[in-house]
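> Provide a 3D model corresponding to the input given below.
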Amino acid sequence: MTLPITAFVAAICALLLLVTAIDTVRQRLRLKVAFGDDGDPKLISASRAHGNLAEYAPITIILLGLLETARANHMALMVIGAIFLIGRVAHVIGLYTPSEPGKAPLGRQIGVAATFGILLVLGLWTLWILATQNL
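Residues are numbered from 1 along each chain as shown. Sure, this is the predicted structure:
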């Protein structure tokens, strides 16, 4: 396989998406709600855990694949992929953790920080490679 890091991160994201989708469906069946969240905290958490992963995973996987194709440092890409996955799992856990009003649970904070940091690093790294290898 030519893109093992990208493939690994994509496969784990696919499994996480499946788990969060199944829980979202389970919560919808529990409430008999086809659309929306009915104001139910469990359904809100389940649907946001799924939706948030679906929003951030694709661009991360694409950027990893582009960098891996450009033969970027393999070890650095593995670390970045691991941090992204750990952050996404922490975020999912955080969305299911009760918290004080107005304060995000620690898992969610870790997940957001990891995801934003990874997107910044991958985006800048991709631009740097474009600037240095294609000019």
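> Give me the residue ranges of this protein where confidence is low.
For the chain, the stretches with pLDDT under 70 are 1, 134-135.
> all helices of it, in order?
Counting by DSSP state H, one finds helices in the chain at the ranges 4-31, 41-69, 74-96, 106-133.
> Any chance of these in CSV with mean neighbour count as columns?
Glycine gets a C-beta too; all of them are placed from N, C-alpha and C. Formatted as CSV, these follow (neighbours: other Cβ atoms under 10 Å):
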stretch, mean neighbour count
helix 4-31, 16
helix 41-69, 18
helix 74-96, 19
helix 106-133, 15
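> contacting residues for Y96?
Each residue near Y96 by Cβ atoms under 8 Å, 6 or more residues apart in numbering is listed here: 45, 49.
> now swap in G81 and tell me
With Cβ under 8 Å, 6+ apart, G81 has these contacts: 5-6, 8-9, 64.
> from these, which is closest to N73?
I5 (10.6 Å; Cβ to Cβ).
> I'd say the closest one and R71 touch.
No - counting by Cβ atoms under 8 Å, I5 does not reach R71; the two are 11.8 Å apart.
> on that earlier part again, so can I have CSV of the contacts of G81 showing distance to L120?
Listed next are the contacts of G81 as CSV, based on distance: Cβ to Cβ, whole Å:
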residue, distance to L120
I5, 18
T6, 19
F8, 22
V9, 17
L64, 14
